Every structure is written in C-alpha cells, then in structure tokens.
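Colleague: dropping a prediction and its sequence here:
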Amino acid sequence: MRVPGRFPVAAVILAAGAVSTLAPVAWILESSLKTQADLTLGRLLPQALHFGNFAAVMRVLPFALYYRNSVLVAVITTLAVLLTSALAGFSLAKYRFRGRAGVFGLILATMMLPNFVFYVPIYYMLRRAPLFGGNAITGAGGSGLLDSLAALILPYVVSAWGVFMLRQSMLALPDDLLDAARMDGASELRLWWQVAVPLSAPALVTVAVFTFITQWNNFFWPLIVSTSYPSTMTLPVGLQYLQTTLSPTSNEQLILAGLVIGMIPASLVFLVFQRYYVAGITLGSIRE
C-alpha cells in the first residue's frame with residue numbers, strides 16, 4: 001500500500017542530493033571560463049567565455065606528456081586487472097581444489113590493509129629489478145623499473161576487489177552449462193573465454209570502470225615515483241605541480257581549467273558505462 005506523500009518527499013531528498021553533488025562541478029566548469037577579474041569580483045556569470053584558459057594552461061606545463069602517461073597507465077592497468085580478475089575469479093568460483101577457501105581469504109585480507117603499507121617494499125623491488133634501468137643481474141647499479149611507466153602499472157595489475165567481483169559473478173554461472181560445453185569438447189580456456197567471460201560482462205564493466213577511474217585519479221604512488229623521475233609524471237601529479245607553479249591569487253582560472261582537463265576522461269567513462277556499472281555492483285550480493 002502506497003503511503004500518500006511519501007514519493008514526493010523522497011524525490012525532494014534525491015533532488016537536493018543531486019544538486020549538492022553537481023553544484024561544485026558546475027562551479028568549476030563555469031569558473032574555468034572566467035578571467036581572474038571575474039573570479040576576484042565574484043561574478044556569478046563570466047562577462048565572456050574564455051576558452052583560451054585551456055590553451056594557456058597547456059603551455060605552462062607539459063600537459064600532453066602527463067595526459068599520455070595517465071592514459072597509458074589507466075588503460076593498460078585496467079586491461080591487466082580485467083585479465084587477472086577474470087582468470088582468478090573463474091578458478092575460485094568453478095574449480096574445487098585444496099586450499100581454495102584459504103587463498104580467497106588471503107585475497108580478501110589484502111583489502112583490509114592500506115595502500116601505503118606496500119609502498120616501501122614495492123619501491124625497492126622495482127628499483128632492484130635485475131637487468132632493467134642499468135641494473136646488473138644482482139639488481140644493483142641503476143634505477144631498475146622506476147624510470148619507466150612500468151613502475152606505475154605493475155603494482156596494480158592484480159586487484160583483490162576485482163577478483164572478488166568476478167568470483168561473485170561467476171558463482172552464478174550454471175555448472176550444467178559448463179559441463180555441457182566440456183562434453184562438446186571445449187577446453188578449460190575456451191570455457192573461460194567463450195562462456196564465463198561473456199556472461200560476466202556487467203561485472204567486467206564494473207571492474208573496468210572502477211579501475212580506470214581509480215588509476216586516473218591515483219596520486220600518492222605516482223608522486224613518489226615521479227619525484228625522482230619526472231618523465232613518469234601523470235595528470236594528478238601534474239595538477240599538483242600546476243598549483244605550486246601558478247599563484248592562485250592571479251591565475252586561479254588557469255588552475256581551474258587544468259582541473260577541468262583532468263576530470264573529463266574519468267567522467268566520460270563513468271557516464272558511458274554507468275548502466276553496466278550499476279548492474280554489476282548488485283552482483284556483489286550473490287552468496288555461495
């Protein structure tokens with residue numbers, strides 16, 4: 001039985017939440033097209049739209065390099081996470097082997113630890129990589145993998161959350177369907193690629209969107225690496241350098257233009273795949 005007046009109240013609450021969420025984004029978009037005088041005087045609307053702010057900020061710092069690095073890191077890491085998560089998720093969901101529960105428990109346990117716990121050991125492992133970056137076979141003498149984008153990609157090619165999501169999704173796959181495919185002569189790799197992966201598309205898209213956005217916005221680890229190797233700098237770190245290079249009191253519009261440039265790709269990815277992302281999130285409620 002519907003309670004009179006309940007829906008309008010819910011609609012008002014949702015509308016208020018949407019406005020409070022979108023208002024800062026709208027302000028950044030609008031302010032990035034203003035002049036410093038418009039911002040100083042607090043004008044609600046700019047007297048004229050200054051799209052030249054975006055070209056100007058690209059001349060201050062090598063944003064093309066930062067953008068390229070961010071795109072490569074986010075795309076390659078996302079593809080690697082999809083591969084490792086789909087393989088591990090299928091194995092943990094559809095194969096019975098000794099220690100399966102323990103392996104899955106260890107994977108989940110890593111989700112409880114903060115990322116900064118791993119930064120120091122990962123840094124030294126990458127620095128001591130044998131035969132890379134001038135290192136000898138013993139791993140000494142050079143920079144290892146730290147002077148390449150591999151230093152930003154390798155620590156994130158496996159995602160515990162991605163494994164969990166794909167396992168939950170593949171638990172729902174009927175065993176009879178897999179057995180029928182085996183009787184038709186399908187190999188285990190073909191079962192995974194042609195049956196399990198297509199049927200887990202919503203979960204895959206969810207993991208892909210989450211991973212891409214996370215890597216696009218990743219800041220602390222790229223900051224650690226790029227402090228010594230600026231050629232590996234990504235867009236979030238570049239935006240931080242932009243704020244330290246330009247004075248906010250005289251170049252606020254350029255800083256805001258840089259923020260807009262940085263938020264466009266992640267926003268587009270989420271908007272395009274939003275429907276699949278929401279559908280995939282619900283798969284986390286499936287229980288074995």
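Modeller: All right, it came through fine.
Colleague: low-confidence stretches in the stretch 1-150 of the chain?
Modeller: 1-7 (pLDDT under 70).
Colleague: can you pull out the helices in it?
Modeller: Along the stretch 1-150 of the chain, the segments classed as helices by DSSP state H, counting those that start in this stretch run 6-31, 36-41, 52-60, 63-94, 100-110, 116-127, 150-153.
Colleague: most packed of those helices?
Modeller: helix 150-153 (a mean of 22; mean count of other CB atoms under 10 Å). Using the backbone N, CA and C atoms, a C-beta is placed for each residue, glycine as well.
Colleague: find the residue at the geometric middle of the protein.
Modeller: residue 214 (2.4 Å; CA atoms, centre = their mean).
Colleague: how far does the one helix or strand it maps to sit from the chain's center?
Modeller: According to DSSP states H and E, residue 214 maps onto helix 201-216. Distance of helix 201-216 from its chain centroid, counting by CA atoms, centre = their mean, to the nearest Å, is 7 Å.
Colleague: do stretch 43-53 as well
Modeller: That offset, for stretch 43-53, works out to 32 Å (CA atoms, centre = their mean).
Colleague: with stretch 62-71 instead?
Modeller: 16 Å.
Colleague: and residue 212, what is it in contact with?
Modeller: 74, 75, 78, 266, 269 (CB atoms under 8 Å, 6 or more residues apart in numbering).
Colleague: go on, residue 87?
Modeller: Shown in contact with residue 87 (CB under 8 Å, 6+ apart): residue 192.
Colleague: how near is it to residue 148?
Modeller: 25 Å (CB to CB, to the nearest Å).
Colleague: nearest to residue 180, out of the helices of the stretch 1-150 of the chain?
Modeller: Of all those, it is helix 63-94 that lies closest to residue 180, at 13.8 Å by CB to CB.
Colleague: cool, thanks, signing off.
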